[in-house]
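Visitor: I would like the atomic coordinates for the input below:
(2 chains)
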2 protein chains.
Amino acid sequence: MADFIDDTRDLLRRTPEVLRALLSDLPASWTETPDAPGGWRPRDVVGHLISGELADWIPRTQRILNDGTEQALDPFDRFAHEGRDDGATLEQLLDRFAELRAANLTTLDALVTEPDLDRRGMHPALGEVTLHQLLATWAVHDLDHVAQVYAGMAGSYDAEVGPWKAYLGILLRRDDPAAVPG
Amino acid sequence: MADFIDDTRDLLRRTPEVLRALLSDLPASWTETPDAPGGWRPRDVVGHLISGELADWIPRTQRILNDGTEQALDPFDRFAHEGRDDGATLEQLLDRFAELRAANLTTLDALVTEPDLDRRGMHPALGEVTLHQLLATWAVHDLDHVAQVYAGMAGSYDAEVGPWKAYLGILLRRDDPAAVPG
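Guide: Model (predicted):
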């Protein structure tokens, strides 16, 4: 993977655009259902992505570059959006995420070059990790959570599709993660 | 769901834009991995969505409006893209899908109004279905397959994330659909 930083950055810069194309001004009938019982609505997912921009990816990059493996990285609070974002509209959350992501990609450009990718840090639960792995995880974490937005949106139409649900894995898996569509 | 046609249409018009924001000019390092072993790469998914525009949603809408339940709907070939799209680039497939979707939404506007939504047809395997259910399925089918694109893209970085894979459900589920991230 010769262009790892460029390729990772290319994915990371797209996520705010993708979320806007998908969610901006979308009728509320699509956005009020969590991905699974007790799960997250699209606005919760965007809030969680905001938390990552604030407290995970760039702060951990800086810690790996500054401290190496000497001191463990701070744990990341996966639920930091709860309460914090209650007063914000989905539109405002999309804007906030886009601003933070753009600023963080500028910081990334200034902080990291190819030879840094092998630098190591100490994850509080996973042990030794590399900066390469952290940046890859930043991108895959985007993909994981945007896919979760799709599951919530699909769930909004669970009752609308009638017998076709048997063919729609994204709906079947909300009830049973191991379900296989017919 | 008072604005069912408008809300459904709003989702349907977004899918080509979302796929372009996600995939257009994306480095091939992100787009060559199927969502699961033996599954579909992003280009296969876009091909399958093209097949739906050609042979499923609008043709079936017309059949329900014209024939009701008297004659079963034609079966839909889920693998019609195989072979057909071999000579096309992902970029060309994205363009083709966007053109077909735009034309089909224009046709939808001309064909269907709210009172038609209770009209019934005969699915070849599922039995009686309504036009409401068909249009809802069109939208959820988009969500299901775009989410599949995410799984393939994530799979491209499976080896890059190192120990963080334990937290990334989108990767764990490629190996075991029932996997629960740590």
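
Visitor: Low-confidence regions, chain A specifically.
Guide: A:1-2 (pLDDT under 70).

Visitor: quick one, strands of it?
Guide: Under the criterion DSSP state E, strands of chain A are mapped to A:120-123, A:127-130.

Visitor: Minimum distance to chain B: which of these has it?
Guide: Checking the strands of chain A against chain B by C-beta to the nearest C-beta gives strand A:127-130 as the closest, at 6.0 Å. All C-beta atoms are positioned from the backbone trio N, CA, C, and that covers glycine.

Visitor: Let me know whether the closest one sits next to chain B.
Guide: Yes: residues of strand A:127-130 contacting chain B under C-beta under 8 Å from any C-beta of the partner chain: A:127, A:129-130.

Visitor: ok, so of these, who is nearest A:Asp175?
Guide: Nearest to A:Asp175 out of these is A:Val129 (C-beta to C-beta; 34.9 Å).

Visitor: rewinding a little: filter the residues of strand A:127-130 next to chain B down to the buried ones and hand me the PyMOL line.
Guide: Buried members of the residues of strand A:127-130 next to chain B, defined by 16 or more other C-beta atoms under 10 Å in any protein chain shown, are picked up in PyMOL with:
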select buried, chain A and resi 129+130
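
Visitor: Now render the residues of strand A:127-130 next to chain B as TSV, adding distance to A:Glu70.
Guide: Output for the residues of strand A:127-130 next to chain B, formatted as TSV (distance: C-beta to C-beta, whole Å):
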residue	distance to A:Glu70
A:Gly127	14
A:Val129	14
A:Thr130	15
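
Visitor: Which residue is the nearest non-sequential neighbour of the most centrally placed residue in chain A?
Guide: Nearest to the geometric centre of chain A sits A:Asp142, at 3.3 Å (C-alpha atoms, centre = their mean). With C-beta to C-beta, 6 or more residues apart in numbering or on different chains as the criterion, A:Asp142 has its nearest non-adjacent residue at 4.6 Å, and that residue is A:Thr15.

Visitor: if I pick that neighbour, what's in contact with it?
Guide: The neighbours of A:Thr15, taking C-beta atoms under 8 Å, 6 or more residues apart in numbering or on different chains as the test, are A:49, A:101, A:142, A:146.

Visitor: Isn't the last one up against A:Val45?
Guide: Yes: with contact taken as C-beta atoms under 8 Å, A:Val146 and A:Val45 are classed as touching, separated by 7.4 Å.

Visitor: Look through chain A and tell me its longest helix.
Guide: Counting by DSSP state H, the longest helix found in chain A is helix A:131-155.

Visitor: chain center to that one, what's the gap?
Guide: Computed by C-alpha atoms, centre = their mean, to the nearest Å, the chain-centroid distance of helix A:131-155 equals 4 Å.

Visitor: Next, the angle helix B:131-155 makes with it.
Guide: Orientation check (axes from the mean of the first three to the mean of the last three C-alpha atoms, to 10 degrees): helix A:131-155 against helix B:131-155 gives 170 degrees.

Visitor: Many thanks, have a good one.
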